[in-house]
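*Asks:* here is my input, please return the structure:
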Amino acid sequence: MSFLHAEDGCLWTFGLNNNGQLGCLKDVPYAVAPVEVILPDGVKAVAAGESHTLALSSSGGVWASGSNVDGQLGLGAAYGAKNAEFRLVRALQGVRVVAIAAGNQHSLALSEDGSVFAWGHGQFGALGLGQGKLRWEAFPTQVSALAGVKVSSIAAGAFHSGAVDADGAAWLWGNGSSWQLGL
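*Replies:* Numbering: from 1, shown residues only. This next block holds a predicted model:
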């Protein structure tokens, strides 16, 4: 899947859509030409996982589409395993999100106050939620290990995640089997 994010906030999408990850074409396995995605307000950022997509609106809302098998959309079970249209991640309402990131089956959001939220598949500790949360989390949950840390940016890899704080220190968690955590 591919996305084109225009300066005017428009979002265009094309490519594989087997799980609805393009967010606009129901029961269509792929799009060979760009298709515009319509959201209530402009798009500020886009992040794509293995088969899910996140869009950050200019008002700070997080929208998700695609596979929700492991909770990576943050919608709980209300909408099932596949979503071919973008849906608002309501668990983040009231949180002003400034950045998003997507791993294979997990998602991250960074709030304006520097808090990090994680959801989806927690395999290898990719969510950073502790030993008891190695499976999955269906709704955004604050990464408590970073409480009190002013995070300025986030990133997600296949099964690992990271953050950089306001002082420039890197915080990494998840699968480090190929030295991706720098350890």
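
*Asks:* does residue 34 really touch residue 10, like I thought?
*Replies:* No - with contact defined as CB atoms under 8 Å, residue 34 does not count as touching residue 10 (10.2 Å). In this view, the C-beta of every residue, glycine as well, is placed from N, C-alpha and C.

*Asks:* and the residue nearest the centre of this protein?
*Replies:* residue 107 (3.3 Å; CA atoms, centre = their mean).

*Asks:* surely that residue is in a strand?
*Replies:* Yes - the assignment for residue 107 (DSSP: H, G, I helix; E, B strand; the rest coil) places it in a strand.

*Asks:* ok, now how distant is it from residue 35?
*Replies:* Using CB to CB, to the nearest Å, we find residue 107 at a distance of 23 Å from residue 35.

*Asks:* please apply the same query to residue 42.
*Replies:* 17 Å.

*Asks:* what do you get for residue 117?
*Replies:* Per CB to CB, residue 117 is found 29 Å from residue 35.

*Asks:* same deal with residue 157?
*Replies:* Residue 157 is 28 Å from residue 35, by CB to CB.

*Asks:* same check, this time on residue 79
*Replies:* Distance from residue 79 to residue 35, by CB to CB: 21 Å.

*Asks:* what's the one helix or strand residue 87 maps to in contact with?
*Replies:* In this assignment (DSSP states H and E), residue 87 forms part of strand 82-88. Contact with strand 82-88 is made by 17, 19-20, 22-27, 37, 39, 53, 55, 61-68, 73, 75, 79, as judged by CB atoms under 8 Å, 6 or more residues apart in numbering.
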